[in-house]
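Colleague: Mind folding the following:
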Amino acid sequence: MRSIPGGYEARLTVVVTEAMTVDFEELGRVHPVYATYWLCKHMEEAGRKIILPFLEDGEEGIGSAVSARHLAPAVAGQRIEIVARHAATEGNRVHVSCCATNEAGELVGEGETEQAILPRERIAARIAAAEAQLDKGIS
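Modeller: As a prediction, this is how the structure comes out:
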């Protein structure tokens, strides 16, 4: 992987939809606000945008950690901007800090993501091994 400059940023803008509100598979709909799990997904996506220009041939990134603090609600129709900022690279781990704000500039959430940079073949082999376990009835 090529070196990522300190402070390098990527942005992701999303409009909260009804599908992004809190609705658990077993428990059902809870709150009509932007779900923390969607916040995490969008932070991971913004973090991925950090690494893409710096990957070398045969490399791929895969999420290895995410943490988030949800600080304010956002309802369907609100536009959220996630700003991801390269915080550090340690070995093959890329650390990104993220903040999410609404159009009024209110901080909706903040957190960190980490991606491991690995050879594509290694990731494919790990996925194939997991699929083989499933085929054997091991879940």
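Colleague: Distance check, the residue nearest the centre of the chain against Arg120.
Modeller: With distances taken as C-alpha atoms, centre = their mean, the chain has Glu44 as the residue nearest its mean C-alpha position (1.0 Å). Separation of Glu44 from Arg120 (C-beta to C-beta, to the nearest Å) stands at 19 Å. Bear in mind the C-beta positions are built from the backbone N, C-alpha and C, glycine included.
Colleague: Which residues does the strand or helix carrying Glu121 contact?
Modeller: According to DSSP states H and E, Glu121 maps onto helix 120-135. Residues outside helix 120-135 that contact it (C-beta atoms under 8 Å, 6 or more residues apart in numbering) are 58-60, 62, 139.
Colleague: cutoff 6 Å now
Modeller: 58, 60, 62 (C-beta atoms under 6 Å, 6 or more residues apart in numbering).
Colleague: Take it, keep the C-alpha atoms, and write them as PDB.
Modeller: The C-alpha atoms that make up helix 120-135 are tabulated as PDB, following Å, rounded to 0.1, in the frame of the first residue of the first chain:
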ATOM      1  CA  ARG A 120      -6.700 -10.200  -2.400                       C
ATOM      2  CA  GLU A 121      -5.900 -13.900  -2.500                       C
ATOM      3  CA  ARG A 122      -5.700 -14.200   1.300                       C
ATOM      4  CA  ILE A 123      -9.100 -12.500   1.700                       C
ATOM      5  CA  ALA A 124     -10.600 -14.800  -1.000                       C
ATOM      6  CA  ALA A 125      -9.100 -17.900   0.700                       C
ATOM      7  CA  ARG A 126     -10.600 -16.800   4.100                       C
ATOM      8  CA  ILE A 127     -14.000 -16.300   2.500                       C
ATOM      9  CA  ALA A 128     -13.800 -19.600   0.700                       C
ATOM     10  CA  ALA A 129     -12.900 -21.400   4.000                       C
ATOM     11  CA  ALA A 130     -16.000 -19.800   5.700                       C
ATOM     12  CA  GLU A 131     -18.200 -20.900   2.900                       C
ATOM     13  CA  ALA A 132     -16.800 -24.400   3.100                       C
ATOM     14  CA  GLN A 133     -17.700 -24.600   6.800                       C
ATOM     15  CA  LEU A 134     -21.200 -23.500   6.000                       C
ATOM     16  CA  ASP A 135     -21.400 -26.200   3.200                       C
END
